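>>> Can you look at this prediction? I've put the sequence above it.
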Amino acid sequence: MKTGRSSEPIWWLLFAVGGTVAAFLVPVHIAVGGIAGPAGWIPQAFAYDRMVGLISHPLSRLYLFALISLSLFHWAHRFRYTLAEGLRLKASWLPIPIACYGSAIVGTILAAAVLMRL
Amino acid sequence: MTSSVSSATITLEVLRYRPGRDQAPAFQSFQVPYREDWVVLDALNYIKDQIDGSLSYRWSCRMGVCGSCGMMVNGTPRLSCAAFLKEYYPATVRVEPLEHFPIERDLVISLDDFMQKLPAVRPWIVRQDDRPLDAGEYRQTPAELDWYKQFSMCINCLLCYSACPVYELEPRFIGPAALALVARYNLDSRDQGREQRQEIAAGPDGVWDCTLVGECSTVCPKDVDPAGAIQRLKLSSALEWVKNVVLPWGRR
């Protein structure tokens, strides 16, 4: 039995917060942006100018950044355990967490870059 | 006795392993009388008394308190004193030793791993300042008792370890029952040992290995909810970690 503090708390916290965010907010985005929008139920709301106006607001950008980044970290943690335990790869095999959390970090940086250029 | 004594029988397939005699564990079938009020343990006792005295298994209280008669009954970890034959009759009942543990003999498993982990989490009241006996007992309100009472019901039957897929993959994992005891003592108003337990509980083999499958809480015969206890420990450990990072000067 090993003792000592581990680096897991940060990943678990991002996973937990990301899970909450993803569970509550992503279904709303799917319903509004993925179904209602394309189906043309609310045509004015999705006019290009209005969307750009909405998204350009700093609070909207911050919101989208949190939504994207936290959801990615939630995915990363889940996928790490899917690989490690679902596929029975060794859980302590370092490339798995590096690839998973690394992808989330890259995605976070990309999201920040895209959102800042909007 | 309300049971109807009839000539009905039920078949038990019991995994046998006698070291020095058997090459590998193998099933042996036994026909035992079927009684509506019999549990699997009664059927095993019948086998031992009437058919084959060499059958080995642990049991003591036969009333769900001692925690020694845990077995796999048709693939599910159960207390054999609480698994009624009528739940399975007329089908065959398959009895195996608890999964994820080495077999010592027949249905007897080796407890060594758990017996090493149990004292490591210090499942007793730890005091920084031991008061003299004449200062009286450490008093506690009913509300303070409620904080940890659920987690104190554990009987160390190890059904949770047998149900835990993480323990199967990572035998180093401290595991559900021992971590539930960490929660039990950490939540006790008389205890001051949280820091000491944290070394193990939040360490590399502690709560972070758990992926909240929840099977431990499903099979627990005492409704201890080890999965819930572990989640609480994750949250408190993570918040403590944040506090140490954000406010490093507040560190003890």
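Cool, the structure landed. Numbers count the residues shown, from 1 in each chain, chains lettered A, B, ... in the order given.
>>> Tell me if I'm right that A:Trp11 and A:Tyr101 touch.
Yes - at 6.4 Å, A:Trp11 counts as touching A:Tyr101 under the criterion of Cβ atoms under 8 Å. No exception for glycine: its C-beta is placed from N, CA and C like everyone else's.
>>> Could you name every residue contacting both of these two?
The contact sets of A:Trp11 and A:Tyr101 overlap at A:73, A:76-77 (Cβ atoms under 8 Å, 6 or more residues apart in numbering or on different chains).
>>> what does the stretch 1-150 of chain B put close to chain A?
Where the stretch 1-150 of chain B comes near chain A, counting by Cβ under 8 Å from any Cβ of the partner chain, the residues are B:116-117, B:120.
>>> looking at it, B:Met71 is touching B:Glu99, isn't it?
No - using Cβ under 8 Å, B:Met71 makes no contact with B:Glu99, being 9.9 Å away.
>>> Neighbour count: these two, which is higher?
Between B:Met71 and B:Glu99, B:Met71 has the larger neighbour count (other Cβ atoms under 10 Å in any protein chain shown), namely 30 against 18.
>>> and the more buried one, that's in a strand?
Yes - assessed by DSSP: H, G, I helix; E, B strand; the rest coil, B:Met71 belongs to a strand.
>>> Tell me the confidence at it?
What the model reports for B:Met71 is a pLDDT of 98.
>>> if you skip the residues just before and after it, what's nearest to it?
B:Ser80 (4.8 Å; Cβ to Cβ, 6 or more residues apart in numbering or on different chains).
>>> Please apply the same query to B:Gln198.
B:Ser237 (6.9 Å).
>>> which residues sit in contact with that neighbour?
With Cβ under 8 Å, 6+ apart, B:Ser237 has these contacts: A:9, B:198, B:201-202, B:207.
>>> again with B:Ser80
Counted by Cβ under 8 Å, 6+ apart, B:Ser80 has contacts B:39-41, B:44, B:57, B:59, B:69-71, B:73, B:95.
>>> Distance-wise, check it relative to B:Leu111.
B:Ser80 sits 16 Å away from B:Leu111, taking Cβ to Cβ, to the nearest Å as the criterion.
>>> which residues of the stretch 51-200 of chain B score low on pLDDT?
Counting by pLDDT under 70, the stretch 51-200 of chain B has no low-confidence residues at all.
>>> Can you give me the domain boundaries for chain B?
With domains defined by automatic domain parsing, chain B comprises B:9-109, B:112-250.
>>> mind checking which of these is nearest A:Arg117?
Counting by Cβ to Cβ, A:Arg117 lies closest to domain B:112-250 out of these; the figure is 30.9 Å.
>>> The contacts of B:Ser237 into a markdown table, with extra columns for secondary structure and distance to B:Asp129?
Listed next are those as a markdown table, based on DSSP: H, G, I helix; E, B strand; the rest coil; distance: Cβ to Cβ, whole Å:
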| residue | secondary structure | distance to B:Asp129 |
| --- | --- | --- |
| A:Pro9 | helix | 29 |
| B:Gln198 | helix | 19 |
| B:Ala201 | helix | 23 |
| B:Ala202 | coil | 24 |
| B:Val207 | helix | 28 |
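>>> ok, those vs A:Gly40, which is closest?
Nearest to A:Gly40 among the contacts of B:Ser237, with distances taken as Cβ to Cβ, is A:Pro9, at 45.9 Å.
>>> residue closest to the middle of the chain?
In the absence of a named chain, this looks at chain A. Nearest residue to the geometric centre of chain A (Cα atoms, centre = their mean): A:Ser71, 2.2 Å.
>>> you looked at the wrong chain, it should be chain B
Central residue of chain B (Cα atoms, centre = their mean): B:Leu158, at 2.5 Å.
>>> for that one, what are its contacts?
B:67, B:70, B:98, B:101, B:109, B:111, B:114, B:177.
>>> same thing with B:Leu235?
Contact analysis of B:Leu235 by Cβ under 8 Å, 6+ apart lists A:Ala16.
>>> How about the backbone phi and psi for it?
Dihedral pair for B:Leu235: phi -60, psi -50, per degrees, to the nearest 10.
>>> Relative to B:Ser189, how far out is it?
19 Å.
>>> And for A:Ala23?
For A:Ala23 relative to B:Ser189 (Cβ to Cβ), the value is 34 Å.
>>> do A:Leu118 as well
Distance, A:Leu118 to B:Ser189, by Cβ to Cβ: 53 Å.
>>> Compare those two (neighbour count), which wins?
Neighbours were counted for A:Leu118 and for B:Ser189 using other Cβ under 10 Å; B:Ser189 has more, 14 against 10.
>>> That one contacts B:Ala143, correct?
No - B:Ser189 lies out of contact with B:Ala143 (Cβ under 8 Å); the separation is 9.3 Å.
>>> Would you mind listing where chain A has pLDDT under the threshold?
Looking at chain A by pLDDT under 70, you get A:1-6, A:90-92.
>>> which parts of the strand or helix carrying B:Val14 are buried?
Assessed by DSSP states H and E, B:Val14 sits inside strand B:9-16. Using 16 or more other Cβ atoms under 10 Å in any protein chain shown as the test for burial, strand B:9-16 gives B:10-12, B:14-16.
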